[in-house]
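Chemist: below are the sequence and a predicted model; questions follow.
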Amino acid sequence: MSSALSITLLLLNAPRSMVGLVMSINTLVIMGIRPLGGFPFGVLSAVIGVSAAIATGAAIACAISVYLFVVNKKLRSA
């Protein structure tokens, strides 16, 4: 559900001439960059446990989201 929502928002906010580029960059991020977090997350879960690693990842994601919301004025007006 979150993937469908994020792709929908990307496509609605992208200029029609840039839709292909936006989708290719989105695919690159999903398929290319996101898996790089698997190794550090695996190491972290081996060291502190799976539940604590998930909580740490959630806290980091929340902190980044709050930071981007505060810094980016477009997000606040959306």
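Modeler: Yep, that arrived.
Chemist: need the pLDDT of Gly37.
Modeler: Predicted confidence (pLDDT) for Gly37: 83.
Chemist: from Ile60, how far off is it?
Modeler: Per CB to CB, to the nearest Å, Gly37 is found 10 Å from Ile60. (C-beta placed from N, C-alpha, C; glycine too.)
Chemist: contacts only, for Ser51.
Modeler: Contact analysis of Ser51 by CB atoms under 8 Å, 6 or more residues apart in numbering lists nothing.
Chemist: pull out the buried positions in the helix or strand in which it is found.
Modeler: Element membership for Ser51 (DSSP states H and E) is helix 50-71. Going by neighbour count (16 or more other CB atoms under 10 Å), the buried part of helix 50-71 is Ala53.
Chemist: quick one: distance of it to the chain centre.
Modeler: 11 Å (CA atoms, centre = their mean, to the nearest Å).
Chemist: alpha carbons of it, as PDB, please.
Modeler: Extracted C-alpha coordinates of helix 50-71, given in PDB (Å, rounded to 0.1, in the frame of the first residue of the first chain):
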ATOM      1  CA  VAL A  50      16.100  -8.300  15.800                       C
ATOM      2  CA  SER A  51      13.500  -6.300  17.800                       C
ATOM      3  CA  ALA A  52      16.000  -3.700  18.900                       C
ATOM      4  CA  ALA A  53      17.400  -3.400  15.300                       C
ATOM      5  CA  ILE A  54      13.800  -2.900  14.000                       C
ATOM      6  CA  ALA A  55      13.200  -0.300  16.600                       C
ATOM      7  CA  THR A  56      16.500   1.500  15.800                       C
ATOM      8  CA  GLY A  57      15.700   1.500  12.100                       C
ATOM      9  CA  ALA A  58      12.200   2.900  12.800                       C
ATOM     10  CA  ALA A  59      13.700   5.600  15.000                       C
ATOM     11  CA  ILE A  60      16.200   6.600  12.400                       C
ATOM     12  CA  ALA A  61      13.500   6.600   9.700                       C
ATOM     13  CA  CYS A  62      11.300   8.800  11.900                       C
ATOM     14  CA  ALA A  63      14.100  11.200  12.700                       C
ATOM     15  CA  ILE A  64      14.900  11.600   9.000                       C
ATOM     16  CA  SER A  65      11.200  12.100   8.200                       C
ATOM     17  CA  VAL A  66      10.900  14.800  10.800                       C
ATOM     18  CA  TYR A  67      14.100  16.500   9.600                       C
ATOM     19  CA  LEU A  68      12.900  16.500   6.000                       C
ATOM     20  CA  PHE A  69       9.500  17.800   7.100                       C
ATOM     21  CA  VAL A  70      11.000  20.700   9.100                       C
ATOM     22  CA  VAL A  71      13.600  21.600   6.400                       C
END
